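Engineer: structure of the sequence below:
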Amino acid sequence: MKHFLDINKTAQDDLRAMIDDAHAMKAARNGRPKGALDDEQPLKDHMVALIFEKPSTRTRVSFDVGVRQMGGQTMVLSGSEMQLGHGETVADTARVLSRYVDLIMIRTFEEATLLEMAEHATVPVINGLTDRTHPCQIMADIVTFEEKCGPIAGKKVVWSGDGNNVFASFAHAAGQFGFDLTFTGPETLDPEQVFIDEARAKGATITIERDPVKAVEGADLVVTDTWVSMHDAPSARERRHNQLRPYQVNDALMSHAKPDALFMHCLPAHRNEEATDGVMDGPHSVVFDEAENRLHAQKAVMRWCLGK
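Structural biologist: Numbers count the residues shown, from 1 in each chain. Okay, the predicted model is just below:
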């Protein structure tokens with residue numbers, strides 16, 4: 001069973017094959033109508049369940065479109081419709097869905113929900129996001145970096161802000177793809193140490209630097225994310241803003257990175273908070289290429305899960 005649960009749980013050769021497959025599928029679609037089927041239809045006669053306990057724009061649209069482009073069909077299910085883990089156990093939901101569909105993607109809160117789904121499903125399960133990790137986003141980010149700058153191995157990636165679930169998957173990727181990763185942010189929002197330790201154990205250089213200017217010196221890629229979650233209370237939002245203002249990505253900060261450095265943000269962005277308009281819309285930014293590449297990267301993940 002080929003689940004795609006986290007980057008650190010997937011073999012390096014398989015990750016590389018998915019990235020290369022994503023590049024190839026994107027090139028093959030060049031100039032074709034967006035709604036056209038791919039020449040190859042690896043998901044023909046396949047049904048994919050897309051489960052959303054958390055709201056989504058890019059994950060929902062990119063997975064839905066990707067399945068359709070590859071000839072398959074989707075069933076989109078919300079947490080309120082399913083009462084996942086409330087009206088029925090996650091394990092029983094997994095067993096039932098496996099009788100109906102060929103693949104399950106789930107975007108949820110607790111990592112335990114994802115793991116229980118994968119444990120009891122008899123079809124592949126894909127992690128569309130949990131509170132701990134976001135592997136599909138980082139696969140798209142690597143596709144984006146490599147189409148602009150070549151192999152990411154040996155490059156310097158700098159994360160500015162909150163050590164959240166997206167950073168966690170960047171740390172996983174540093175260990176698997178061999179790039180250096182620097183975190184700059186307040187100590188109170190440091191990433192979980194386990195993510196740092198595991199990447200270092202695989203040979204990656206992981207650095208924590210409190211001074212954002214020093215952190216971005218020589219960076220090939222600067223990344224940030226929203227400072228607040230949609231579920232944060234107003235008091236928590238204010239505390240986070242006060243802590244994170246020194247780590248805003250603006251033109252002054254980007255000037256310390258390499259002249260050809262890229263800027264990424266997984267979106268949605270709170271403009272002029274974590275990053276300024278000048279950076280979001282400036283020459284370093286590839287945020288919309290990054291968003292598009294969710295489609296191509298996830299198509300590659302789905303093909304890998306199904307052995308296609």
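
Engineer: can you spell out which helices and strands pack onto the helix or strand W159 falls within?
Structural biologist: In this structure, W159 is located in strand 156-160 according to DSSP states H and E. The contact analysis (3 or more CB pairs under 8 Å, 6 or more residues apart in numbering; DSSP states H and E) places strand 156-160 against helix 165-177, strand 180-184, helix 212-216, strand 221-224. The way it works is simple: take the backbone N, C-alpha and C, and place the C-beta from them, glycine included.

Engineer: and the next helix or strand past the shortest one?
Structural biologist: Just to be clear, that refers to strand 221-224. The element immediately downstream of strand 221-224 (helix or strand, assigned by DSSP H and E) is helix 234-244.

Engineer: buried residues in that following helix, which are they?
Structural biologist: Buried positions in helix 234-244, judged by neighbour count with 16 or more other CB atoms under 10 Å: R240, Q243, L244.

Engineer: which one among these gets closest to L129?
Structural biologist: Checking the buried residues of helix 234-244 against L129 by CB to CB gives R240 as the nearest, at 19.5 Å.

Engineer: does the closest one really touch V228, like I thought?
Structural biologist: Yes: with contact defined as CB atoms under 8 Å, R240 reaches V228; the gap is 5.5 Å.

Engineer: can I assume V48 sits in a helix?
Structural biologist: No: read with DSSP: H, G, I helix; E, B strand; the rest coil, V48 is strand and lies in no helix.

Engineer: what residues are up against it?
Structural biologist: By CB atoms under 8 Å, 6 or more residues apart in numbering, the contact set of V48 is F63, V67, G72, Q73, T74, M75, V101, D102, L103, I104, M105, M302.

Engineer: can you name the residues bridging to the fifth one?
Structural biologist: Which is T74. In this entry, T74 is beta-bridged to V48, by DSSP bridges.

Engineer: between the helices and strands packed on strand 156-160, which gets nearest to F195?
Structural biologist: helix 165-177 (4.1 Å).

Engineer: circling back: can you tell me the strand partners of the strand holding W159 and which way each runs?
Structural biologist: Going by DSSP bridges, the partners of strand 156-160 are strand 180-184 (parallel), strand 221-224 (parallel).

Engineer: can I get those strands in a markdown table with mean neighbour count?
Structural biologist: Formatted as a markdown table, the strands paired with strand 156-160 follow (neighbours: other CB atoms under 10 Å):
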| stretch | mean neighbour count |
| --- | --- |
| strand 180-184 | 24 |
| strand 221-224 | 28 |
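
Engineer: of all these, which one comes closest to T207?
Structural biologist: Shortest distance between T207 and the strands paired with strand 156-160, using CB to CB, is found for strand 180-184: 4.4 Å.

Engineer: report the distance from that closest one to the chain centre.
Structural biologist: In terms of CA atoms, centre = their mean, to the nearest Å, the centre of strand 180-184 is set 17 Å apart from its chain centre.

Engineer: for stretch 272-287, buried residues please.
Structural biologist: In stretch 272-287, counting by 16+ other CB under 10 Å, buried: E273, E274, A275, T276, G278, V279, M280, H284, S285, V286, V287.

Engineer: need those residues in a markdown table (columns: pLDDT).
Structural biologist: Shown next, in a markdown table, are those (pLDDT from 0 to 100):
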| residue | pLDDT |
| --- | --- |
| E273 | 96 |
| E274 | 98 |
| A275 | 98 |
| T276 | 98 |
| G278 | 98 |
| V279 | 98 |
| M280 | 98 |
| H284 | 98 |
| S285 | 98 |
| V286 | 98 |
| V287 | 98 |
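
Engineer: can you lay out these as a markdown table showing secondary structure and distance to T205?
Structural biologist: Below are these laid out as a markdown table (DSSP: H, G, I helix; E, B strand; the rest coil; distance: CB to CB, whole Å):
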| residue | secondary structure | distance to T205 |
| --- | --- | --- |
| E273 | coil | 29 |
| E274 | coil | 25 |
| A275 | strand | 25 |
| T276 | coil | 29 |
| G278 | helix | 30 |
| V279 | helix | 25 |
| M280 | helix | 28 |
| H284 | coil | 23 |
| S285 | strand | 26 |
| V286 | coil | 23 |
| V287 | helix | 26 |
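
Engineer: tell me which of those residues is nearest to I142?
Structural biologist: Nearest to I142 out of these is V286 (CB to CB; 12.2 Å).

Engineer: now the closest one: how far from V157?
Structural biologist: Using CB to CB, to the nearest Å, V286 is found at 13 Å from V157.

Engineer: all good on my end, thank you.
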